[in-house]
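Asks: Provided below are the primary sequence and the corresponding predicted coordinates.
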Amino acid sequence: MTLISTFYSFEPFVSAAHAYSPSKIVLIVAKDSLSNFKVKDDIDKVREFYGKVAEIEVSQVNGSDLLAIAEETVKLLEKDGSRKIVNVSGGWKVLAQGVLYGCYARPDLVEKIVCNDIGRENAIVEMPKLSFGLTSAKRELLEEISKRNGRSIADIAEKMKKTRGMIYQHLKELRELGYVNETFEITMAGRLALL
């Protein structure tokens, strides 16, 4: 079992490591935080405490790039076919959000998403495994929109062999979900949904 965890300090990480006894631990760390000696020391502490029983990997991400964090999370989830538990207890807000969005893009690859219960020491709270809820037709349309490059909706409908009315209905629903804007350009939420 692999524990994928956001990481900024040792303490928020420990509860999940003890609860699940993983054979592999992947720490997702914001590159910016590595200039902090305490973060480096805490990563060394993880290696010292868990390195004899688990393989330790550190994945560095741009802590302010939500899409890049989600993409890295998807790559980690798709790796090696092991059971994955994701812990979002430590780290910056954007880091935790990006990891969650990566989990939402691949909920079938996540066994559990957990975080610490702040009110109870060492308690773990299981979070819901959500998804972006795209049908295959809406996903296909969103992919076409992401590659639009000025093409008209009529051109996209023709390429997809769908009526313009059906395409516009899907676009209306995608806009309501926040995946495209009012001019039918893909949004950040749309890019996250396509991971």
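Replies: Great, that's in hand. Numbers count the residues shown, from 1 in each chain.

Asks: With adjacent residues omitted, what lies nearest to the residue nearest to the spatial centre of the chain?
Replies: In the chain, the C-alpha nearest the mean C-alpha coordinate belongs to Gly102, at 1.8 Å (C-alpha atoms, centre = their mean). In space, and not counting its chain neighbours, Gly102 is closest to Thr73: 2.6 Å by C-beta to C-beta, 6 or more residues apart in numbering. All C-beta atoms are positioned from the backbone trio N, CA, C, and that covers glycine.

Asks: Report the contact partners of the one you found.
Replies: Taking C-beta atoms under 8 Å, 6 or more residues apart in numbering, we find Thr73 in contact with Ile4, Ile28, Val86, Gly98, Val99, Tyr101, Gly102, Cys103, Ala105.

Asks: Now the two most distant members of these.
Replies: For these, the farthest-apart pair by C-beta to C-beta is Ile28 and Ala105; their separation is 15.0 Å.

Asks: Tell me the span between the first and last residue of stretch 98-117.
Replies: Stretch 98-117 has an end-to-end distance of 20 Å (C-alpha to C-alpha, to the nearest Å).

Asks: Next, the buried residues of stretch 137-148.
Replies: Lys138, Leu141, Leu142, Glu144, Ile145, Ser146 (16 or more other C-beta atoms under 10 Å).

Asks: Same check on stretch 182-195?
Replies: For stretch 182-195, a neighbour-count test (16+ other C-beta under 10 Å) marks Phe184, Ile186, Thr187, Ala189, Gly190, Arg191, Leu192, Ala193, Leu194, Leu195 as buried.

Asks: check contacts around the last one.
Replies: The one in question is Leu195. Residues in contact with Leu195 (C-beta under 8 Å, 6+ apart) are Ala70, Glu71, Val74, Tyr101, Gly102, Ala105, Arg106.

Asks: again, but for Val39
Replies: Listed by C-beta under 8 Å, 6+ apart, the contact set of Val39 reads Phe7, Tyr8, Ser9, Val29, Ser33.

Asks: switch to 10 Å and redo it
Replies: Neighbouring residues of Val39 by C-beta atoms under 10 Å, 6 or more residues apart in numbering: Phe7, Tyr8, Ser9, Phe10, Leu27, Val29, Ala30, Asp32, Ser33, Gly90, Gly91.

Asks: Does the third one touch Trp92 like I think?
Replies: What that stands for is Ser9. No - the pair Ser9 / Trp92 is not scored as a contact, 11.4 Å apart, by C-beta atoms under 10 Å.

Asks: Now do the shared contacts for the two.
Replies: Residues touching both Ser9 and Trp92 by C-beta under 10 Å, 6+ apart: Ser33.

Asks: Glu144 against Asp155, yeah?
Replies: Yes - taking contacts as C-beta under 10 Å, Glu144 lies within contact range of Asp155: 9.4 Å.

Asks: give me the low-pLDDT residue ranges for this protein?
Replies: Within the chain, no stretch has pLDDT under 70.
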